[in-house]
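Asks: quick one, fold the following:
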Amino acid sequence: MARYTGPKTKIARKFHDPIYGPDKTFDKKPYAPGMHGQNKRRNKTSEYGTQLTEKQKAKYTYGILERQFRKLYAEASRRGGITGEVLLQLIESRLDNVVYRLGIARSRAQARQLVSHCHIAVNGNVVNIPSYNLKEGDVVSVRERSKSLEVITDSLASRANNYPWLEWDGASMSGKFMNYPQRADIPENIKEQLIVELYSK
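Replies: Next comes the predicted model:
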């Protein structure tokens with residue numbers, strides 16, 4: 001399956017959660033899409049269905065395909081700690097996600113494009129792999145030749161969020177991945193335990 005590029009509001013309505021950020025259309029229609037979206041009798045979901053929905057929600061939120069997601073889960077299982085939390089920490093350490101969190105891009109899709117088009121460097125070396133996993137202490141920066149790009153300057157101009165596991169330096173347009181985030185600091189509305197239960201079957 002290729003990465004989803006269709007209407008974002010449709011997906012947000014499917015999960016009853018504005019997973020792509022503030023959305024006026026979602027606010028008007030906060031129920032599932034389609035002719036049966038408002039039919040409450042169809043809302044009964046099995047345990048498996050609930051777990052699957054949560055996994056799909058996480059995949060769409062972060063823009064990750066099934067094979068990548070399974071690899072991340074396998075890596076999280078191998079590491080110590082709570083598997084669900086470790087899974088989210090690994091996802092949050094992906095380069096495309098960190099570029100988005102730093103405010104260099106307005107969305108994760110835009111962040112993936114910037115990385116793929118060689119506008120982003122890690123520790124001074126250009127990296128064009130969006131799924132590249134950062135390690136504690138890695139510095140993510142905008143390439144010198146890309147600092148004047150309108151898409152980047154516009155995004156940084158409206159930069160608002162600050163995250164405790166990231167340190168931003170506006171003068172050099174670079175950010176440091178300080179450490180893996182604590183679950184309480186990750187703002188995404190994802191019930192990771194349901195994902196663990198699904199993969200554990």
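
Asks: quick one, domains of this protein?
Replies: Listed by automatic domain parsing, the domain ranges of the chain are 8-90+189-199, 95-179.

Asks: okay if I get those domains as JSON lines plus mean pLDDT and mean neighbour count?
Replies: For the C-beta atoms, the positions are set from N, CA and C on the backbone; glycine is no exception. Compiled in JSON lines, those are given as follows (pLDDT from 0 to 100; neighbours: other Cβ atoms under 10 Å):
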{"stretch": "domain 8-90+189-199", "mean pLDDT": "83", "mean neighbour count": "16"}
{"stretch": "domain 95-179", "mean pLDDT": "95", "mean neighbour count": "17"}
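
Asks: so who does the spatially most central residue of the chain touch?
Replies: Nearest residue to the geometric centre of the chain (Cα atoms, centre = their mean): Y62, 2.9 Å. By Cβ atoms under 8 Å, 6 or more residues apart in numbering, the residues touching Y62 are I91, R94, N97, R108.

Asks: also S158?
Replies: So S158 contacts G103, R106 (Cβ under 8 Å, 6+ apart).

Asks: and if we set it to 7 Å?
Replies: By Cβ atoms under 7 Å, 6 or more residues apart in numbering, no residues touch S158.

Asks: now do R183
Replies: E85, L88.

Asks: how far away from the center of its chain is the lengthiest helix in the chain?
Replies: Across the chain, the helix with the greatest residue count (assigned by DSSP state H) is helix 47-62. Relative to its parent chain, helix 47-62 has a centroid offset of 14 Å by Cα atoms, centre = their mean, to the nearest Å.
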